[in-house]
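>>> just to be clear, the model below is a prediction. Sequence and coordinates:
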Amino acid sequence: MIDITMLGTSDQIPTAKRNHTAIFLKYKGEGILVDCGEGTQRQFRKARLNPCKVTKILITHWHGDHVLGLPGLLQTLSFSGYNKTLEIYGPKGTKFFMKKLLETFVFKGKHSIKVFEVDGKFFETNDFYLESKKMTHGAACNAYHFVKKGLIRIDKKKLKKSKIPIGKHLLKLKQGKNITYKGKKYFAKNLTFTDADKKVSFILDTGLNKSIIPFVKNSDLLICEASFEEAFKDRAKLHEHLTSKQAAEIAKKSNSKKLVLTHLSSRYEKDQAVILKEARKIFKNSVLAKDFDVFSVK
């Protein structure tokens, strides 16, 4: 199960109900924080999540509303006895900005931090991988996706038909390897099938560009900024943001299963329905995220 908690869903200006951008993805022993806007560490507490569960931070870009929570979070981790190596990933310039951040504040306590500038697939295990793609937002900017790899599973009906009993010899089949039983060879491809990958994509702060749709293709969950309604498309283009209509078109054209709209302009604090209504005209399975909403992908 992949669980995603929306810790902040506002744009550059927080509101009484929406904090600056931060999204926490939890999968097994991994805790992946996407952006860390001002107040994120308090959002963790309000969501009853332990910030010490963070293993990786993915920075989309270095505008203040996406990173001003970093100093406080780092200090909290130090005071809380954080004993893991914190991995911070981001676009070009991330090493420079992290160096300046660590020089600017007087931190008490220490924990290990590794900083990486990434473009393309940058982390992979037998179970999942992380990939980034350059976006267009003035400042160097990345989109990200998390992909849980499909597991190899044994087809029980075919196994029964082949009269192969349950046993340790089946472990090789689960690894995609052929087996020999009672002198006869059985091919893994004939006795197994592979689950589909599960994909969660994050598109935050970008102008419309041709890289988005292929990058988020077949997402089970597409979390996408929708700063403005289509009536403000010129403003969105000027500031290199997306409208709710554009986000919905991306979801539809990319064959995504569910669209989560976030990074909502504070101008919609009193009337948010227009954003969701506009998106649903194009892509029915759209939702407008609120702070502390939780989405799960099985």
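All right, it came through fine.
>>> beta-bridge partners for the nearest residue to Arg280 once chain neighbours are set aside, please?
Nearest residue to Arg280, sequence neighbours excluded (CB to CB, 6 or more residues apart in numbering): Ser286, at 5.1 Å. C-beta here means a position set from N, CA and C on the backbone, and glycine is covered the same way. Under DSSP bridges, the beta-bridge partners of Ser286 are Leu259.
>>> look at Ser286 and report its pLDDT.
Model confidence at Ser286, given as pLDDT, is 97.
>>> residues touching it, list them.
Neighbouring residues of Ser286 by CB atoms under 8 Å, 6 or more residues apart in numbering: Ala247, Ala248, Ala251, Lys258, Leu259, Val260, Leu261, Leu276, Ala279, Arg280.
>>> nearest to Ala47, of those?
Val260 (16.1 Å; CB to CB).
>>> so the closest residue to that closest one other than its chain neighbours: helix, strand or coil?
Nearest non-adjacent residue to Val260, counting by CB to CB, 6+ apart: Ile223, 4.5 Å away. Per DSSP: H, G, I helix; E, B strand; the rest coil, the local secondary structure of Ile223 is strand.
>>> my guess is Ile223 contacts Ser256. True?
No - contact between Ile223 and Ser256 fails when scored by CB atoms under 8 Å: they sit 10.1 Å apart.
>>> anything in contact with each of those two?
Ser201.
>>> neighbour count for those two, which is higher?
Higher neighbour count among Ile223 and Ser256: Ile223, with 28 against 23, using other CB atoms under 10 Å.
>>> gap between the more buried one and Ala247?
As judged by CB to CB, to the nearest Å, Ile223 and Ala247 stand 10 Å apart.
>>> identify the contacts common to these two.
In contact with both Ile223 and Ala247: Ile203, using CB under 8 Å, 6+ apart.
>>> quick one: low-confidence ranges for the stretch 101-250 of the chain?
In the predicted model, the stretch 101-250 of the chain carries pLDDT under 70 at residues 109.
>>> swap the cut-off to 90 and go again
The stretch 101-250 of the chain contains residues with pLDDT under 90 at 102-112, 126, 138, 150-197, 229, 236.
>>> could you pull out the strands in it for me?
Applying DSSP state E, counting those that start in this stretch to the stretch 101-250 of the chain gives strands spanning 113-117, 120-124, 128-134, 142-148, 152-154, 179-181, 184-186, 192-194, 198-203, 221-225.
>>> could you single out the most deeply buried of the ones you listed?
strand 221-225 (a mean of 27; mean count of other CB atoms under 10 Å).
>>> what is the distance between that one and the centre of its chain?
Distance, stretch centre to chain centre, for strand 221-225: 9 Å (CA atoms, centre = their mean, to the nearest Å).
>>> what is that strand packed up against?
Helices and strands touching strand 221-225, as assessed by 3 or more CB pairs under 8 Å, 6 or more residues apart in numbering; DSSP states H and E, comprise strand 198-203, helix 244-253, strand 259-262.
>>> dump those into CSV; add distance to Leu191 as well.
Shown next, in CSV, are these (distance: least, CB to CB, whole Å):
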stretch, distance to Leu191
strand 198-203, 23
helix 244-253, 37
strand 259-262, 37
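>>> mean neighbour count, these: which tops it?
strand 259-262 (a mean of 27).
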